[in-house]
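Q: quick one: sequence plus predicted model below, questions after.
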Amino acid sequence: MAAAQEIQIHRSNLSRPRVSDSHWELVRVEKEARGFTREAYEYSSAFKAPESSTEQEAARD
């Protein structure tokens, strides 16, 4: 499926998991440093993609 189609499906799903304002404020600096926008973070959180070994190591530090 094309990326544009995935984005459209994600945005039209009104029952998708949302990140609360308070949670976003807690993780915002770290996630933006990794290139995430709030929407991208919500999308990635919905699928709980496995973290790469680099991300796992960074989380331990």
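A: It's in.

Q: CA atoms for contacts and neighbours, from now on please.
A: Fine.

Q: in stretch 10-20, which residues are buried?
A: His10, Arg18, Val19 (16 or more other C-alpha atoms under 10 Å).

Q: contacts only, for the second one.
A: The contact partners of Arg18, by C-alpha atoms under 8 Å, 6 or more residues apart in numbering, come to Glu42.

Q: who's in contact with the most centrally placed residue in the chain?
A: The centre of the chain sits closest to Tyr41, judged by C-alpha atoms, centre = their mean, with a distance of 1.6 Å. Applying C-alpha under 8 Å, 6+ apart to Tyr41 gives the contacts Lys31.

Q: let's see it at 10 Å
A: Shown in contact with Tyr41 (C-alpha atoms under 10 Å, 6 or more residues apart in numbering): Arg18, Val19, Trp24, Val27, Arg28, Lys31, Glu32, Gly35.

Q: tell me which other helices or strands the strand or helix carrying the fourth one touches.
A: So the one you mean is Val27. Val27 belongs to helix 21-33 when assigned by DSSP states H and E. Judged by 3 or more C-alpha pairs under 10 Å, 6 or more residues apart in numbering; DSSP states H and E, the packing partners of helix 21-33 are helix 38-47.

Q: how far is the helix it packs on from where the chain is centred?
A: Offset of helix 38-47 from its chain centre (C-alpha atoms, centre = their mean, to the nearest Å): 3 Å.
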